[in-house]
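Chemist: this one's sequence-less:
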């Protein structure tokens, strides 16, 4: 059986697997499978730790946004938006800077500009409307 036929059969057989099942556990031993949900989560949190550690004392937003770890978080795309929302709820910081880039939206009212807590609250209210399942 070709790799394509095998992967098609495997995908069809596992299409109804619950979302709570780790992606890595769905691939049979020896299968050609490279994208793991755990990898994205690990990459996100590794880059977030680096970014927070290395930009903690940066006083400018530009410096925080220029950091390579921030660029890597943004490069992960909209997949990481729920992770960012969760982080803003538990560890509010300048991570919200990635959201306008990733979502192409800006729910922050003009009067909140420069007020970090108000900006975060605007994004969390946006998340309640657009991602109600993210807790």
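Modeler: All right, it came through fine. Here the structure is a predicted model, which is why all the values come from computation and not from measurement.

Chemist: tell me how far residue 121 lies from residue 79.
Modeler: 24 Å (C-beta to C-beta, to the nearest Å). Any C-beta I mention is one placed from the backbone N, CA and C, and that applies to glycine too.

Chemist: same question, residue 67
Modeler: Counting by C-beta to C-beta - residue 67 and residue 79 are separated by 20 Å.

Chemist: who's more crowded, those two?
Modeler: Legend: neighbour count by other C-beta atoms under 10 Å for residue 67 and residue 79, higher for residue 67 (17 against 12).

Chemist: who's in contact with the more buried one?
Modeler: Counting by C-beta atoms under 8 Å, 6 or more residues apart in numbering, residue 67 touches 51, 54-55, 58.

Chemist: most neighbours among the residues you listed, which one?
Modeler: Ranking the contacts of residue 67 using other C-beta under 10 Å puts residue 51 first, with 22 neighbours.

Chemist: contacting residues around stretch 77-84?
Modeler: Residues contacting stretch 77-84 (C-beta under 8 Å, 6+ apart): 40-41, 44-45, 73, 95-96, 98-99, 102-103, 131, 134.
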